[in-house]
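[1] no sequence on this one, just coordinates:
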């Protein structure tokens, strides 16, 4: 592995595998408790069976499905649900077509990531801090306050960015995985018979003997061990497929397996350790340092989830699934280092609410898993559609992806029984986000349709700049102006309004449109396109990928540097932007008036267009417009 590959693999340990890497804190404990019900202490068959279920879940779901198959469905190196939707061109879905169903299906999958993002920091940090109770049960009352303080500090720190501390995430998690492995070897030595769990029949035989109710409970709990596996695909664009796979097979999987087997060996030797087998694996003198280290690891895992939510939101905004939001670049040298205050604090409220409502990692385990299992099932279906679109034999695709889809359905069904125990919480969050996404997209589609009908042809302005039929020409102001437009044809509405009101137009006029494509990034040579319209009027079309932050001033500077535009001083040009007020109507267009009001509220509170596209405040002018929807 070359140097860059080694660095990327190390970085992946901190960002990609933080979530799944902290699962040993709670996953095996919950699985064995499910297997032993209603016994007071676990029997050997229950322990071996639970460990075997976790092992083969990691192999089938994470190693084979995600690492080998799903990660092949990349959008020019970028992964994740939104990237897959872009690949399938779901954004182009028109009412009444099959792509609308695909779009709804995919957006629900994307929204499920927000539900997962609210639960993951809560259960991870809470399970780490609960280690205090192992040696000092009297400290139980402090677990919740400490967890809340840690999470508040974590969310407060987001506005400063993670560029500097992010570089040490990888080395810290490498040491964490080494500790997991060392503790695991110690536990295996206590009861080597735990190695029987390598045999898949240990899992199948126990579940068949235990019956459907206990089997479903085991599968639902064991699924906690694979949550976080979806990050391999979601974060593929940051590190590349090969470094992520190398990290998994060389470090993460072996260390996780050793730890789960070690916890199982401890439970075979000391069944009374079921309350917290992870911490009981360590010598007494190591308990408190391990609590601190585990808390640090869960903070890293939580940071990865929060950063993922920021990235997902940015992509959704670019593709038109969410309204523009205030976005802060926390590191000028790294595109991916962003901070969205609205997302951060909504996620913080949901996470802290989950901690306060559920109160313990055992209770949160009931809420955890259902969102991720649904997301994994949706990802499998979308990956199958991508494979068929790429020309793979449909029969082979259905056979392979169908088999994994059945596994996904089994895990989803096993987690669905936890719906009333708390599984409703992430699902409710996901449904709310998905509904907002669909409302925004539908409203934006109708709004753009209204704009297109109101736009005048460019030729009308060009002709008016010369001598018209009555022998009168528009007054040409000795200035330059750039009018931002959502469309790539016709005159921007603010420009038409300006001309009608003043019977004048600037001597130099740019019509600027920022277009987002279905690819993650766009080569610089394809960034800008200029269409001369005549009479000192040009159209500048800037093209960006859905993983890029658009900047109109930078795009204009690029066009000037390439010689695509002339006679423009970027320091003295005025950017004119429309500030639209949406008026909900009672028109029967398939969009309920109450949803129009919701869309209008979202539009009214979205980020100003000039700010979102990086226009300097001193050069921006907003013209108010009303559009009836």
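    Received it, and whenever you're ready, just let me know what you need. Not measured: the values here are computed from a predicted model.

[2] pLDDT weak spots in this structure?
    Residue ranges of the chain with pLDDT under 70: 1-5, 37-41, 91-99, 161-166, 331-337, 467-472.

[3] would you map the strands across it?
    Per DSSP state E, the chain carries strands over the ranges 328-329, 338-339, 475-484, 504-516, 528-534, 537-544, 574-583, 620-628.

[4] of all these, which one is nearest residue 75?
    Of all the strands of the chain, strand 504-516 sits nearest to residue 75, with 13.2 Å by Cβ to Cβ. Glycine gets a C-beta too; all of them are placed from N, C-alpha and C.

[5] for the closest one, packing partners?
    Here strand 504-516 touches helix 458-465, strand 475-484, helix 493-502, strand 537-544, helix 552-561, going by 3 or more Cβ pairs under 8 Å, 6 or more residues apart in numbering; DSSP states H and E.

[6] and if we set it to 10 Å?
    With contacts defined as 3 or more Cβ pairs under 10 Å, 6 or more residues apart in numbering; DSSP states H and E, strand 504-516 has these neighbours: helix 287-318, helix 458-465, strand 475-484, helix 493-502, strand 528-534, strand 537-544, helix 552-561, strand 574-583.

[7] quick check: which of those is buried the most?
    Each of these was scored by mean neighbour count; the highest is helix 287-318, a mean of 22, by mean count of other Cβ atoms under 10 Å.

[8] domain ranges for the chain?
    For the chain, the structural domains run 3-443, 455-628, going by automatic domain parsing.

[9] distance to residue 449 added to those, as a markdown table?
    Converted to a markdown table, the domains of the chain look like this (distance: least, Cβ to Cβ, whole Å):
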| stretch | distance to residue 449 |
| --- | --- |
| domain 3-443 | 11 |
| domain 455-628 | 9 |
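
[10] tell me which of the ones you listed sits most buried.
    domain 3-443 (a mean of 20).

[11] surely residue 219 and residue 408 touch.
    No - applying Cβ atoms under 10 Å as the test, residue 219 and residue 408 come out as separate, 11.6 Å apart.

[12] residues shared between the contacts of those two?
    Shared between the contact lists of residue 219 and residue 408 (criterion: Cβ atoms under 10 Å, 6 or more residues apart in numbering) are residues residue 373.

[13] could you check how far residue 111 is from residue 206?
    36 Å (Cβ to Cβ, to the nearest Å).

[14] quick check: the gap between residue 540 and residue 558.
    Distance, residue 540 to residue 558, using Cβ to Cβ: 10 Å.

[15] shared neighbours, those two?
    Common contacts of residue 540 and residue 558 (Cβ under 10 Å, 6+ apart): 528, 564, 565.

[16] need the contact list for residue 606.
    When the contact criterion is Cβ under 10 Å, 6+ apart, the partners of residue 606 are 317, 322, 323, 324, 325, 326, 342, 440, 612.

[17] and if we set it to 6 Å?
    The neighbourhood of residue 606, defined by Cβ atoms under 6 Å, 6 or more residues apart in numbering, consists of 323, 324.

[18] cool, the one 5 residues further on as well?
    By Cβ under 6 Å, 6+ apart, the contact list for residue 611 is empty.

[19] try residue 531
    By Cβ under 6 Å, 6+ apart, the contact set of residue 531 is residue 539.

[20] could you rerun that using 7 Å?
    Residue 531 sits next to 538, 539 when contact means Cβ atoms under 7 Å, 6 or more residues apart in numbering.

[21] for residue 513, same thing?
    Counting by Cβ under 7 Å, 6+ apart, residue 513 touches 485, 487, 488, 541, 542.

[22] what about stretch 223-240, how long is it end to end?
    26 Å (Cα to Cα, to the nearest Å).

[23] ok, now how distant is the closest residue to residue 612 other than its chain neighbours from residue 591?
    Counting by Cβ to Cβ, 6 or more residues apart in numbering, residue 612 lies nearest to residue 324, which is 4.4 Å off, once chain neighbours are set aside. Separation of residue 324 from residue 591 (Cβ to Cβ): 21 Å.

[24] hang on, the earlier thing: which one of the contacts of residue 513 sits closest to residue 104?
    Proximity of the contacts of residue 513 to residue 104 (Cβ to Cβ) peaks at residue 487, which lies at 25.7 Å.

[25] touching, that closest one and residue 456? I think so.
    No - if you go by Cβ atoms under 7 Å, residue 487 and residue 456 don't touch, sitting 11.7 Å apart.

[26] rewinding a little: from the shared contacts of residue 540 and residue 558, pick the one nearest residue 269.
    Relative to residue 269, the closest of these is residue 528; by Cβ to Cβ it sits at 68.0 Å.

[27] for the closest one, give its distance to residue 611.
    Distance of residue 528 to residue 611, given as Cβ to Cβ: 22 Å.

[28] likewise for residue 83?
    Residue 83 sits 26 Å away from residue 611, going by Cβ to Cβ.

[29] skipping adjacent residues, who's closest to residue 235 in space?
    Spatially, and ignoring its direct neighbours in sequence, residue 235 is nearest to residue 16 (4.8 Å; Cβ to Cβ, 6+ apart).

[30] surely the one you found is in contact with residue 231?
    Yes - with contact defined as Cβ under 7 Å, residue 16 reaches residue 231; the gap is 5.0 Å.

[31] what's the nearest residue to the one residue sitting closest to the centre of the chain if we skip its chain neighbours?
    With distances taken as Cα atoms, centre = their mean, residue 312 lies nearest the centre of the chain, 3.6 Å away. Nearest residue to residue 312 in three dimensions, chain neighbours excluded: residue 113, at 5.8 Å (Cβ to Cβ, 6+ apart).

[32] please tell me I have it right and that neighbour contacts residue 310.
    No - at 11.4 Å, residue 113 and residue 310 do not qualify as touching, with contact defined as Cβ under 7 Å.
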